[in-house]
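>>> Build me a model from this:
(one chain, ligands or ions: 2)
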Amino acid sequence: MITNFINRVFGRGKRKTAPDKPVIWGPDRHPIRKELISRGARKTCEELQRAGHTAFVVGGAVRDLLLGMRPKDFDVATSAHPDEVRALFRRSRIIGRRFQIVHVMWGAETVETSTYRAHFTVKDPEGDEDAPKKDKQDEHGRVLSDNVFGTQAEDAVRRDFTVNALFYDPVKEEVWDFQHGLKDLEAKKLVMIGDPATRYREDPVRMLRAARLSAKLGLTIDPATATPIRELKHLLENVPQARLFEEILKLLLSGNAVACVQRLRELDLHHGLLPLLDDALDDPHTGPFAMAALKATDERLRADRPVSPAFLLAALLWGRVERRWKHYEEKGQPPSPALHAAMHDALDAQRGTLAIPRRFDATMKELWLLQPRFLQRGGTRPFRLLEHPKFRAAFDFFELRAQAGDAPLEAAEWWARFQDVEGGERERMLHADDGPKKKRRRRGKRRPAGEGGPDAAPESGE
Ligand code: ATP
Ligand code: MG
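Ligands and ions are numbered 1, 2, ... in the order given. A predicted model of the protein is given here:
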């Protein structure tokens, strides 16, 4: 219905070229109703307008609503300066160093409110005299500071894609379009505002955003927007690690991780630059498991179930852990120390590339260390594993591995049943004690044939 509505509008819509004059679509020309805007964002705009400023809901929320999707959050853009916004709302605070924005609080909702900002133009990143001062950009043209207030039209221009530059006035129920965003949305195209190569140089993360947003929104990346990516992808190496990680996490937890990863591959963006994905997906042995983990994450998010970033990161790094584990075992190390050494190697190698914040380490290690224990089905071991606080996540991890051919399916089925049945039946399910014998382990001997290999490490993970 919404598409029909947009089609109807666009059938008549004219592409205007003057970038400082918006095309204004009244309430009869688009499907967004003010009731679809969060209470906080609506009240923030109303108050700002009452005080004589202009104020709009902006960016992703407008785009998502036009596509009939539920926005994650509602951001506001206004002509009011941060201190003016702060003065208007009792429950608000100014945040940010690079550019100041105001958080306006309404109950549990926080509305990010930004003053219109001008686009910081990089005319010639190679060193033209007109180029901006050095301290504002790095030698590749990456913009380091862009805290310049501007007009609303300038605020539209400094955004990345045309579909992200739409403004919605929840008082008049109008959509203001400075960059043909509506037209591009209707044509299902993701188009960069301005010269794409220059815009990628200013902020290489826009290349990853192109992949993520085109996948999320089902848009094709316009050829002129896609083409420079191949040439410029190395610039991602200059982006601070924390920002890169944040963007990768957004991508993985977008609910469209599989589609996003496919886009990254099409754009050749997963190679070399993002070793985590590169490694996970290109490994013929564990690639299917990594992909299954991405798929499972997407499904959980779509069903509004919680997902753990640590789980997904552990799945993406598992291929590396397994490889190193085998390596240490082949060098004669017993399974448990070999697994520990492998985990450290995998985490260290990752830190040298795309640093995973240390807060995820403990959970990832626990998930890995619990894996071999799913192959031990004798004695009291299964009962102890069942009581482990991380049992549920570790079992999900094991089950996914099994489904992807990386662990015995029969063992995963056994565990699914073991959890379900009553106590007496559990006893009957136990295998003859097939776990590692403690005495033998102390003497450093390997376990009997059939129990060797990575999946047979002793209980070492507690
Ligand atoms: P989503 O919230 O679905 O992840 P989004 O487009 O809203 O997507 P945000 O990171 O919330 O993404 O950014 C809000 C808006 O800020 C965008 O719609 C865009 O207009 C602008 N923006 C974000 N990142 C950039 C960037 N790197 N360069 C230029 N503009 C950007
Ligand atoms: Mg957003």
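>>> Mind checking what helix or strand follows the helix or strand harbouring Ile248 in sequence?
Taking DSSP states H and E as the definition, one finds Ile248 inside helix 241-252. Sequence-wise, the next helix or strand downstream of helix 241-252 (DSSP H and E) is helix 257-266.
>>> Show me the contact partners of that next one.
Applying CB atoms under 8 Å, 6 or more residues apart in numbering, the external contacts of helix 257-266 come out as 208, 210-212, 214-216, 221, 251-252, 254, 270, 274, 277, 281, 291, 294-295, 297-298, 312. Every C-beta, even on glycine, is put in place using the N, C-alpha and C of the backbone.
>>> Okay, and which of the residues you listed map to helices?
Within those, residues falling in helices by DSSP state H are 208, 210-212, 214-216, 251-252, 277, 281, 291, 294-295, 297-298, 312.
>>> in which helix or strand would I find Val76?
Using DSSP H and E, Val76 maps to strand 75-78.
>>> For that strand, name the packing helices and strands.
Using 3 or more CB pairs under 8 Å, 6 or more residues apart in numbering; DSSP states H and E, the elements in contact with strand 75-78 are helix 39-50, strand 55-58, strand 109-115.
>>> would you list these in CSV and tack on mean pLDDT and mean neighbour count?
Below are those laid out as CSV (pLDDT from 0 to 100; neighbours: other CB atoms under 10 Å):
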stretch, mean pLDDT, mean neighbour count
helix 39-50, 98, 20
strand 55-58, 98, 28
strand 109-115, 97, 20
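>>> So for ligand 1, which of the ones you listed sits nearest?
Ranking these by proximity to ligand 1 (CB to the nearest ligand atom) places strand 55-58 first, at 6.9 Å.
>>> Surely Ser308 is in contact with Met364?
No: assessed by CB atoms under 8 Å, Ser308 is found out of contact with Met364, at 9.9 Å.
>>> out of these two, which sits in the busier spot?
Under the neighbour definition other CB atoms under 10 Å, Ser308 and Met364 were set side by side, and Met364 has more, 26 against 17.
>>> so what's the more buried one up against?
Counting by CB under 8 Å, 6+ apart, Met364 has contacts 310, 313-314, 317, 347, 356.
>>> Mind checking which of those residues are in helices?
Of the positions in the contacts of Met364, 310, 313-314, 317, 347 sit in helices, assigned by DSSP H.
>>> Buried ones among those residues?
310, 313-314, 317, 347 (16 or more other CB atoms under 10 Å).
>>> Distance check, Val171 against ligand 1.
21 Å (CB to the nearest ligand atom, to the nearest Å).
>>> which SSE is that residue in?
Assigned by DSSP H and E, Val171 falls within no helix or strand.
>>> Tell me, how many residues neighbour it?
Val171: 14 surrounding residues under other CB under 10 Å.
>>> hang on, it packs against Glu46?
Yes: using CB under 8 Å, Val171 is in contact with Glu46, at 6.1 Å.
>>> and the closest residue to Arg93 other than its chain neighbours, bridged to which residues?
Distances taken as CB to CB, 6 or more residues apart in numbering put His103 closest to Arg93, at 5.5 Å, once the chain neighbours are dropped. When bridges are called by DSSP bridges, His103 pairs up with Arg93, Glu112.
>>> Let me know whether His103 touches Arg86 as I believe.
No: the pair His103 / Arg86 is not scored as a contact, 9.7 Å apart, by CB under 8 Å.
>>> rewinding a little: what's the PyMOL syntax to select whichever of the ones in helices among the contacts of helix 257-266 are buried?
PyMOL command restricting the ones in helices among the contacts of helix 257-266 to the buried ones, with burial defined by 16+ other CB under 10 Å:
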select buried, resi 208+210+211+212+214+215+216+251+252+277+281+291+294+297+298+312
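>>> on that earlier part again, just checking: what are the partner strands of the strand holding Val76?
When sheet partners are counted by DSSP bridges, strand 75-78 sits next to strand 55-58 (antiparallel), strand 109-115 (parallel).
>>> buried set for it?
Neighbour count says strand 75-78 has 75-78 buried, by 16+ other CB under 10 Å.
>>> I'd like the mean pLDDT over that strand, please.
Averaged over strand 75-78, pLDDT sits at 98.
>>> Give me the residues contacting the helix or strand following that strand.
Later in the chain than strand 75-78, the nearest helix or strand by DSSP H and E is helix 82-88. If you take CB under 8 Å, 6+ apart as the criterion, helix 82-88 is touched by 47-48, 51, 53, 78, 80, 92-94, 100-102, 104, 113, 115.
>>> what about helix 82-88, average pLDDT?
96.
>>> Can you report how many residues lie near Arg230?
For Arg230, using other CB under 10 Å, the count is 11.
>>> Correction: the previous question concerned Gly181.
The number of residues packed near Gly181 is 26, by other CB under 10 Å.
>>> And for Ile94?
Using other CB under 10 Å, Ile94 has 13 other residues around it.
>>> Quick check: it vs Arg401, distance?
48 Å (CB to CB, to the nearest Å).
>>> ok, back up a step: list the residues that are in contact with both of His103 and Arg86.
Counting by CB under 8 Å, 6+ apart, the common neighbours of His103 and Arg86 are 92-93.
>>> how about Asn238, what does it touch?
Counting by CB under 8 Å, 6+ apart, Asn238 touches 138, 140, 142, 204.
>>> and the closest residue to ligand 1 within the stretch 351-462 of the chain, which of the three is it?
Using CB to the nearest ligand atom, Leu354 is the residue of the stretch 351-462 of the chain that sits closest to ligand 1, at 18.0 Å. On the three-state scheme (DSSP: H, G, I helix; E, B strand; the rest coil), Leu354 is labelled coil.
>>> Quick check: it vs Val321, distance?
As for Leu354, its distance to Val321 is 16 Å (criterion: CB to CB).
>>> quick one: average confidence on stretch 92-107?
Mean pLDDT, computed over stretch 92-107, is 91.
>>> Now that stretch - C-alpha only, PDB.
Provided in PDB are the C-alpha atoms of stretch 92-107 (Å, rounded to 0.1, in the frame of the first residue of the first chain):
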ATOM      1  CA  SER A  92      18.500  17.300  28.400                       C
ATOM      2  CA  ARG A  93      22.300  17.400  28.300                       C
ATOM      3  CA  ILE A  94      24.900  18.400  25.700                       C
ATOM      4  CA  ILE A  95      27.200  15.500  24.700                       C
ATOM      5  CA  GLY A  96      30.000  14.900  22.200                       C
ATOM      6  CA  ARG A  97      33.400  16.400  21.500                       C
ATOM      7  CA  ARG A  98      33.700  16.300  17.800                       C
ATOM      8  CA  PHE A  99      30.400  17.800  17.300                       C
ATOM      9  CA  GLN A 100      27.900  18.700  20.100                       C
ATOM     10  CA  ILE A 101      24.500  17.200  20.100                       C
ATOM     11  CA  VAL A 102      21.800  17.400  22.700                       C
ATOM     12  CA  HIS A 103      20.200  14.400  24.300                       C
ATOM     13  CA  VAL A 104      16.600  15.300  25.200                       C
ATOM     14  CA  MET A 105      15.000  12.800  27.500                       C
ATOM     15  CA  TRP A 106      11.300  11.900  27.600                       C
ATOM     16  CA  GLY A 107      10.700   9.100  30.000                       C
END
